[in-house]
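Student: What would the 3D arrangement of this be:
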Amino acid sequence: MTSRSTGPCEISWFAALCDDDYEQLGVVDPTLQSSWEHCRQIVQQAENSGFDNILLPSGYALGIDTVAFAGGMAACTSRIRLLVAIRCGETWTPQSARQMATLDHMLGGRLTINIISSEMPGETLDGPSRYRRTTEVMEVLRHLLDGRRVDTTGDFVSVSVEPPRITTATRRCPPLYFGGLSEEARDVAARHADVYLMWPDTLDNVATLIDDMTDRASQYGRSLRFGYRAHVVVRETEAEARHAAQHIVAALDDAEGVAIRARSLDSQSTGVRRQAELRESAADDGFVEDNLWTGIGRGRSGCGAAIVGDPRQVAAKIASYQELGIEAFIFSGYPHLDECKRFGTMVLPLIDHGPLEVVA
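Tutor: Below is the predicted model of the structure:
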């Protein structure tokens, strides 16, 4: 493994805008479904707990709109950054630039952007085409948010337009967070992302992926920062944490788990397949290595593993990823509001953290 020096890392939480909140996976609780009131509580708790950033995910059929929600939260927060997810192809890219500039203006420079490459509902688009669209969107978005005119003719984005009059607080494009495991996704990240996000994996595989992406970015004369998205289950003791983890999936049968995973628009992606492989390679108790539990992936698509343990074990696991080069973490837990409070009280004080600064 490549060892890298560690410093402060960015610690983010997750706002469940896409109806992904449960006490037990597969058991729908109307009070935990996404709404302005419930998701606002999560964001405000994350700010009060001292988190540096919070991911606002984006769906279509599930949950509430991300950009509209972020605009509302601008007036309800004062310190925490918002990591706003936007799906390529969902809106005209110059309009996305205008929305993002407006949000950053409202937030006083606290905006970060999570670029999502996926099919739109009802759309069938092969991987190479989808990532060509992602490339075109990211290029035009960055140009416009950097205050530069765009004249381009692409397969998906063809525009001749001046940048929006309203600018971001820095007059630069906010940091672009992006993830994906396919060859096309890795190339997009190497060329255009500021922060490359990865889902849970073993320490060896995380190190290998960081080395690969570092080499790819260097071929374009660029460097990347690295982020890690995982669930977390923390309790006073390891035994209590393991018991709590099992409670999350105790009501879930295999058929319901398959149905939940199939609802995601990216349920067949390379990254999702890797999460399934990780789960299949785990021991009978679901742990694939110390404190990394894959059982949570039985009932959700995408990020499919959790760091499970007592506060010092969880903090130590985070430190082990930092040593590999991870500088930004996005955590979540079930229910999100309750686990946010626990993590903020029990783990955050053990971690040297702060907002990730990305210099273009």
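
Student: Pretty sure Arg79 sits against Glu47.
Tutor: Yes - using C-beta atoms under 8 Å, Arg79 is in contact with Glu47, at 5.9 Å. The C-beta positions use only the backbone N, C-alpha and C, and glycine is treated the same way.

Student: what about these two, which has more around it?
Tutor: Taking other C-beta atoms under 10 Å, Arg79 and Glu47 do not tie; Glu47 has more neighbours (20 against 12).

Student: Excluding chain neighbours, what is closest to that one?
Tutor: Ile80 (4.0 Å; C-beta to C-beta, 6 or more residues apart in numbering).

Student: OK, contacts around the one you found?
Tutor: Val43, Ala46, Glu47, Phe51, Asp52, Asn53, Ile54, Arg110 (C-beta atoms under 8 Å, 6 or more residues apart in numbering).

Student: Let's test this: mean pLDDT of stretch 123-142, rounded?
Tutor: Across stretch 123-142, the average pLDDT comes to 94.

Student: Also stretch 87-95?
Tutor: pLDDT averaged over stretch 87-95 gives 94.

Student: Kindly report the same for stretch 197-213.
Tutor: In this model, stretch 197-213 has an average pLDDT of 96.

Student: Show me the contact partners of it.
Tutor: 1-2, 114, 177-179, 181, 186, 189-190, 196, 224, 226-230, 271, 274-275, 278, 288-289, 292, 294, 302-306, 320-321, 324-326, 328, 330.

Student: all helices of this structure, in order?
Tutor: Taking DSSP state H, the helices of the chain run over residues 36-49, 66-74, 93-107, 127-145, 183-192, 203-219, 238-249, 254-262, 270-280, 311-324, 336-346.

Student: Show me what the fourth one is packed against.
Tutor: In this structure, helix 127-145 packs against helix 93-107, strand 111-116, strand 150-153, strand 176-179, helix 183-192, with contacts taken as 3 or more C-beta pairs under 8 Å, 6 or more residues apart in numbering; DSSP states H and E.

Student: Let's have those in JSON lines, adding mean neighbour count and distance to Ala74.
Tutor: As requested, the helices and strands packed on helix 127-145 are exported to JSON lines (neighbours: other C-beta atoms under 10 Å; distance: least, C-beta to C-beta, whole Å):
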{"stretch": "helix 93-107", "mean neighbour count": "21", "distance to Ala74": "4"}
{"stretch": "strand 111-116", "mean neighbour count": "24", "distance to Ala74": "9"}
{"stretch": "strand 150-153", "mean neighbour count": "13", "distance to Ala74": "26"}
{"stretch": "strand 176-179", "mean neighbour count": "24", "distance to Ala74": "19"}
{"stretch": "helix 183-192", "mean neighbour count": "20", "distance to Ala74": "26"}
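
Student: Of the ones you listed, which is nearest Asp20?
Tutor: Smallest distance to Asp20 across these (C-beta to C-beta): 14.6 Å, for strand 111-116.

Student: Show the average pLDDT along the closest one.
Tutor: 98.

Student: Next, the angle strand 111-116 makes with the lengthiest strand in the chain.
Tutor: If you go by DSSP state E, the chain has its longest strand at strand 225-234. Angle, strand 225-234 to strand 111-116, by axes from the mean of the first three to the mean of the last three C-alpha atoms, to 10 degrees: 90 degrees.

Student: Against Glu327, how distant is the residue nearest to Glu47?
Tutor: 18 Å (C-beta to C-beta, to the nearest Å).

Student: Arg279 too?
Tutor: Taking C-beta to C-beta, one finds Arg279 at 27 Å from Glu327.

Student: Which of the two has more residues huddled nearby?
Tutor: Neighbour count, other C-beta under 10 Å: between Arg279 and Glu327, Glu327 has more, with 21 against 18.

Student: export stretch 277-289 as PDB, just CAs?
Tutor: C-alpha atoms of stretch 277-289 as PDB (Å, rounded to 0.1, in the frame of the first residue of the first chain):
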ATOM      1  CA  GLU A 277     -18.900  -8.700  -5.200                       C
ATOM      2  CA  LEU A 278     -17.700  -7.200  -1.900                       C
ATOM      3  CA  ARG A 279     -20.800  -8.500  -0.200                       C
ATOM      4  CA  GLU A 280     -20.300 -12.000  -1.700                       C
ATOM      5  CA  SER A 281     -16.700 -12.100  -0.600                       C
ATOM      6  CA  ALA A 282     -17.500 -11.300   3.000                       C
ATOM      7  CA  ALA A 283     -17.400 -13.800   5.900                       C
ATOM      8  CA  ASP A 284     -20.700 -15.300   7.200                       C
ATOM      9  CA  ASP A 285     -21.100 -12.300   9.600                       C
ATOM     10  CA  GLY A 286     -21.000  -9.900   6.600                       C
ATOM     11  CA  PHE A 287     -17.600  -8.400   7.600                       C
ATOM     12  CA  VAL A 288     -15.100  -8.300   4.700                       C
ATOM     13  CA  GLU A 289     -12.300  -6.900   6.900                       C
END
